[in-house]
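>>> Just need the structure, nothing else, for what follows:
(one chain, ligands or ions: 1)
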Amino acid sequence: MKNFKKIIAALLAGAMLMAFTACGTANTASETESMNESVAESAASAEDGASAADAADIKFATAGKLTMATNASFPPYEYYENEKIVGIDAEVAELIAQKLGVELEIKDMEFGSIIGAVQTGAVDMGMAGMTVTEDRLKTVDFSDSYATAVQVVIVKEDSEIATVEDLEGKKVGVQENTTGDIYASKDLGEDAVKRYNKGNDAVAALVSGVVDAVIIDNEPAKSFVAANEGLKILDTSYADEQYAVATSKDNTALTEAINKALGELKADGTLDEIVNKYIPAE
Ligand code: GLN
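Numbers count the residues shown, from 1 in each chain. Sure, this is the predicted structure:
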């Protein structure tokens, strides 16, 4: 209850912040604002319908396991290191599984397949730096938020693109089915957007000049810019977002248990510790 209120407050604060700070990005800001408001409304109605769940009611896709779907090309949230999936989401999920007394199993798939896998119960949860959106809330539930993000624009260091407005008429690379894809397609038109399975592929297209910019979440953007010569992130922020764990609407007990675990990890400083390990303070 308290956590839901916090999310709503955070979403509304984000929306207000956008309204105040986004002079010159009128379109983007107002769309984000209305989206965040609707998300807040959906979260509020979900709360009304939620019943007190019991951990014993949790249904697992595979007994004894917490099965998580992700797309492991999204550093620092999930990526491969020595053939193992590591990152903030992987570590937080590991601790959630421990608290539930089960083993974590991670399934790597395309980002666009995660929601379906959660919805059909093929996996227990989706954790992939996934943003809470009004549209996704129609098919899955989300836990309390555990991170905030912002969509940013990556360009070449010598690019003439300096603001979101300058993207008009340019080719923009995105990761398919992500919020970056949704915003870019809405604001710039389908023809302007080139979709890639992995963020890394979109960035490679920018480096080789196939696209003029990439719209992606801020932390992966920092990783990609650090790993490639000659790229920079524009100061202009595109839109504010909340990351949460996606769960099936039929598994309220799991959602509640995840919220409890996340609450404990926030309260005892573990979440901050994990975040600081992967995102060193600037
Ligand atoms: N936060 C973005 C979204 O939810 C991107 C997530 C990702 O690419 N893993 O759409």
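>>> quick one: contacts for Y278?
P76, Y77, G87, I88 (C-beta atoms under 8 Å, 6 or more residues apart in numbering). Every C-beta, even on glycine, is put in place using the N, C-alpha and C of the backbone.
>>> In helices, which of those fall?
I88 (DSSP state H).
>>> Nearest to the ligand among the contacts of Y278?
The nearest member of the contacts of Y278 to the ligand, counting by C-beta to the nearest ligand atom, is Y77 at 6.8 Å.
>>> Make CSV from the contacts of Y278 and add neighbour count and pLDDT to it.
Formatted as CSV, the contacts of Y278 follow (neighbours: other C-beta atoms under 10 Å; pLDDT from 0 to 100):
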residue, neighbour count, pLDDT
P76, 20, 97
Y77, 28, 98
G87, 24, 98
I88, 24, 98
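>>> how about the strands in the stretch 101-250 of the chain?
103-108, 125-126, 141-156, 172-175, 193-196, 213-217, 231-247 (DSSP state E, counting those that start in this stretch).
>>> and whatever helix or strand A261 lives in with strand 141-156, angle?
A261 is part of helix 252-267, with elements assigned from DSSP states H and E. Between helix 252-267 and strand 141-156, the angle comes out at 60 degrees (axes from the mean of the first three to the mean of the last three C-alpha atoms, to 10 degrees).
>>> Show me what helix 252-267 is packed up against.
Counting contacts by 3 or more C-beta pairs under 8 Å, 6 or more residues apart in numbering; DSSP states H and E, helix 252-267 packs against helix 2-21, helix 88-100, strand 141-156, strand 231-247, helix 270-278.
>>> ok, and for the second one, which residues are buried?
Pointing back at helix 88-100 there. For helix 88-100, the neighbour count (16 or more other C-beta atoms under 10 Å) marks I88, D89, A90, E91, V92, A93, E94, L95, I96, A97, K99, L100 as buried.
>>> And the residue nearest to T62 when sequence neighbours are not counted, how close does it get to G112?
Nearest residue to T62 in three dimensions, chain neighbours excluded: E105, at 7.1 Å (C-beta to C-beta, 6 or more residues apart in numbering). Separation of E105 from G112 (C-beta to C-beta, to the nearest Å): 21 Å.
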